[in-house]
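Undergrad: Please find the sequence and the predicted model below.
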Amino acid sequence: MIIQLSNNISTEQKGALIASLQELKIQPNEVKTQFKNYIIGIPKSDFDIRLIGNMDGIDDIHRVSDGYKLVSKKWKTNRTIIDLGDEVTIGGNELAIMSGPCSIESEAQIENTVAHLLKNNIKIMRGGVYKPRSSPYAFRGLGMEGLKLFYQHCAENGIKVITEVMQVSQVEEMLPYVDVFQVGARNSQNFNLLDVLGKVDKPVMIKRGMSGTIEELLASAEYVFSNGNEKIVLCERGIRTYENAYRNTLDLNAIPILKEKSHLPVIVDPSHGIGLRQHVATMALAGVVAGADGVIVETHEQPEKAFSDGQQTLYYEQAEKLYAQLKQTKDLVNTF
């Protein structure tokens, strides 16, 4: 059960509501976000919700049986649109395209990538400064100094920054230099990190765990929302299966299912999803046809020299062709 409180609810009205819930043996869980105040309750038995819904100080009340309640579409039928400022959004009729290298490698590379994005009117740059690598000897990112350079060049050119945060201790330091925090597949169930990201007023994109179910991804999003942050984006990036002909199995089924179950925007990551450069564009377009609100792809001037994930990274020429195809495909999907 989700109870939406009026913005002007009085202390007395709120106290009466909580007392009524306790009489019904419903534990009230208060959630205060950037936009609204809620009380979440889990009734142990059926009751007439009009007993609560007709009380003063309540805007609306909803029955939501899902374990994930606030991110469920059962109470919020209008889709969430994330506003990054400067007319850059994620969700709605506009396709969000996020492009850039797997890893931020140097200031020259940042400048080069920004020029590429500006040329193609791409407003969100991806790039990792903290890299979770399977091998401890692989390049693991430039850290905060790299992030500061990354943000500086992007901000000067009206481009938004999305980058991965790996642990709780990094959030506060990264906060001024990030437009969207990315939670990687390995951290999708790092609940301590999700709790902290729920307390910041910056959008959070959560990637599906490599062996994670759709329900588990939505539960992770619920952690962020229940801690106060409604600015959440879901990302399908492929799951680990028995198939070894490609890096991961990009679960295109997940896109319409997530949009059926949740009001949150859904992004598709074909670079990690298939892991083979020659097929990234095909899977990106398939993701848009399946209903994705955006695409995040890895691009590099010379992928063969990239510090990480070069085999799944597009050359600029390939990326430029894909950007045009993505926009055309989204326009077509909007007519369905």
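TA: Thanks, I have it. Bear in mind the structure is a predicted one, so any value in this text is a computation, not a measurement. Numbering: from 1, shown residues only.
Undergrad: Asp60 contacts Gln4, correct?
TA: Yes: judged on C-beta atoms under 8 Å, Asp60 makes contact with Gln4 at a distance of 4.5 Å. (Glycine included, C-beta is placed from N, CA and C.)
Undergrad: So between those two, which is more surrounded?
TA: It is Gln4, of Asp60 and Gln4, that has more neighbours when counted by other C-beta atoms under 10 Å, with 16 against 12.
Undergrad: give the contact list for that one.
TA: Residues near Gln4 by C-beta atoms under 8 Å, 6 or more residues apart in numbering: Lys36, Asn37, Tyr38, Ile58, Asp59, Asp60, Ile61, His62.
Undergrad: Distance from the one helix or strand it maps to to the middle of the chain?
TA: Element membership of Gln4, judged by DSSP states H and E, is strand 2-5. The chain centroid and the centroid of strand 2-5 are separated by 24 Å under C-alpha atoms, centre = their mean, to the nearest Å.
Undergrad: average pLDDT across that strand?
TA: The predicted model assigns strand 2-5 a mean pLDDT of 96.
Undergrad: now the nearest residue to Tyr177 once chain neighbours are set aside, what's its secondary structure?
TA: Nearest in space to Tyr177, with sequence neighbours left out and distances taken as C-beta to C-beta, 6 or more residues apart in numbering, is Tyr151 at 3.9 Å. Reduced to three states with DSSP: H, G, I helix; E, B strand; the rest coil, the structure at Tyr151 is helix.
Undergrad: isn't Tyr151 right next to Val161, touching?
TA: Yes: with contact defined as C-beta under 8 Å, Tyr151 counts as touching Val161 (5.3 Å).
Undergrad: Mind listing the shared neighbours of those two?
TA: Taking C-beta under 8 Å, 6+ apart as the criterion, Tyr151 and Val161 both touch Tyr177, Val178.
Undergrad: For those two, indicate the residue with more neighbours.
TA: For Tyr151 and Val161, the more surrounded residue by other C-beta under 10 Å is Val161, and the numbers stand at 26 against 22.
Undergrad: Check which element follows the helix or strand hosting the more buried one along the chain.
TA: Taking DSSP H and E as the definition, Val161 sits inside strand 160-164. Using DSSP H and E, the helix or strand that follows strand 160-164 towards the C-terminus is helix 168-174.
Undergrad: Return the set of buried residues in that following helix.
TA: By 16 or more other C-beta atoms under 10 Å, the buried positions in helix 168-174 come out as Gln170, Val171, Met174.
Undergrad: Tell me, please, the helix or strand in this protein that averages the lowest pLDDT.
TA: helix 50-53 (a mean of 88; mean pLDDT, DSSP states H and E).
Undergrad: And the contacts of it?
TA: Residues outside helix 50-53 that contact it (C-beta under 8 Å, 6+ apart): Ile3, Leu17, Ser20, Leu21, Leu24, Ile58, Asp60, Ile61.
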